[in-house]
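Asks: I'd like to go over a predicted model; first the sequence, then the structure.
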Amino acid sequence: MTPITGEAPTMTTSPSDGSLAQVGPSWTLVVGNDGALAEPLIRELHGQGREVAVVGTSGFGLAQEFGGSARAVDFGLSGAKYKKLLENVAQLITAVEPDRSRFREPAASHHVRAAAESLEFIKAGGAPRGATFLSSFLVFGTAHGTVGEGDFNVGQGFGSLFEESLALAEQIIRRARAHTSALGILRIAPLVGTEERKVLDQGSLLAEIVSAVRAGTLHAETVWSDKPFLFETVDRASRALARMSEIRFDGVKHLLRSAPPTDREVFEWIEATLDPERPKAPRLLGLLRRAIQSTLTSPERRAFGWHLRFAGTSEPLISEAVEPAWTDVLSALVQAPEVAPSP
């Protein structure tokens, strides 16, 4: 791995005739490496034999650490370090876990700032071999019906600043298409934790539902949509991002599960799993009936019983011989021995 200090080599010896040949940029730069997604993503890239650099200081011994911040101007780097990245980065992966603050203006959100700085880096000549960007299903906001991977502007509104900020981040990065050879955008459901390490994200929608069930505050006669609860784990998201970058995918992909549970199924399963001996609450008067979303405070509450259908493709980014059942995935998280702080 080329050290950060000093000039990167630009010439190499050809194995065929011994002559010197020009070598272009070769690094993959990861922007947004301060959340749970960082380590598995960097490990995936390292496993592909990639030479990885990171903005920040969490290279996990597998990537060159440049310091700085994903959301600062010029990534918060000195002119020399920024120039070094421009000269050596062939591909860019921007994977900032969403800033869930419900009170921050969209343009000030961490993922929006990271998108803006990634765009400027690409426009300055960085990542000529392509860029990959982590987005969200929530960019569709209040839209109903079916949306495809090629859709973006579908006349949607937004129920929160959080949803609007996610759409703004994708809107910004889309401008990079004119400045790089490939721009891959990966839209995913809200992240809920790390299945492999059994870590539940304490700021996620799933954690709020678990907390409410434990506290007994969701015993009212709830109105269910019986529509899918779409969620994603850090593990699958990192594999999909690494694969999209590896094949230099140009376009948009939706990361979907083949058989997601409904909102009712998830709630009943969590209730039975956490406290199987507790008697069911008595049915309350019809006047107390309300949609479960109205009892939640998470900015991602729209994800619990989607009224939107997300169209996927016949060729998923990642293929799994046996996709684990949703109950197995949630078991690893709901009963997790560790809880991760929210980004």
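Replies: It's in.

Asks: every contact and neighbour count from this point should use C-alpha atoms.
Replies: Fine.

Asks: against residue 109, how distant is the residue nearest to residue 176 when sequence neighbours are not counted?
Replies: Using Cα to Cα, 6 or more residues apart in numbering and skipping residues adjacent in sequence, the residue nearest residue 176 is residue 119, 5.6 Å away. According to Cα to Cα, to the nearest Å, residue 119 and residue 109 sit 16 Å apart.

Asks: ok, the two, which is more surrounded?
Replies: Just comparing residue 119 and residue 109: by other Cα atoms under 10 Å the higher neighbour count belongs to residue 109, 23 against 20.

Asks: for the residue nearest the centre of the chain, helix, strand, or coil?
Replies: For the chain, the residue sitting closest to the mean C-alpha position, by Cα atoms, centre = their mean, is residue 134 at 4.9 Å. When classified by DSSP: H, G, I helix; E, B strand; the rest coil, residue 134 comes out as strand.

Asks: that one and residue 190 touch, don't they?
Replies: No - Residue 134 lies out of contact with residue 190 (Cα atoms under 8 Å); the separation is 11.4 Å.

Asks: next up, the contacts around the residue nearest to the centre of the chain.
Replies: Shown in contact with residue 134 (Cα atoms under 8 Å, 6 or more residues apart in numbering): 94-96, 185-188, 241.

Asks: so what's it bridging to?
Replies: Residue 134 has these beta-bridge partners by DSSP bridges: residue 186.

Asks: please report the number of neighbouring residues for residue 70.
Replies: Using other Cα under 10 Å, residue 70 has 29 neighbouring residues.

Asks: and it, backbone torsions?
Replies: Dihedral pair for residue 70: phi -60, psi -30, per degrees, to the nearest 10.

Asks: likewise residue 320?
Replies: Backbone torsions of residue 320, given as degrees, to the nearest 10, read phi -120, psi 130.

Asks: how many neighbours does it have?
Replies: Neighbour count of residue 320, defined by other Cα under 10 Å: 7.

Asks: and the one 3 residues further on, by the same measure?
Replies: The number of residues packed around residue 323, counting by other Cα under 10 Å, is 11.

Asks: quick revisit: and the residue nearest to residue 176, what does it touch?
Replies: Going by Cα under 8 Å, 6+ apart, residue 119 touches 172-173, 175-176.
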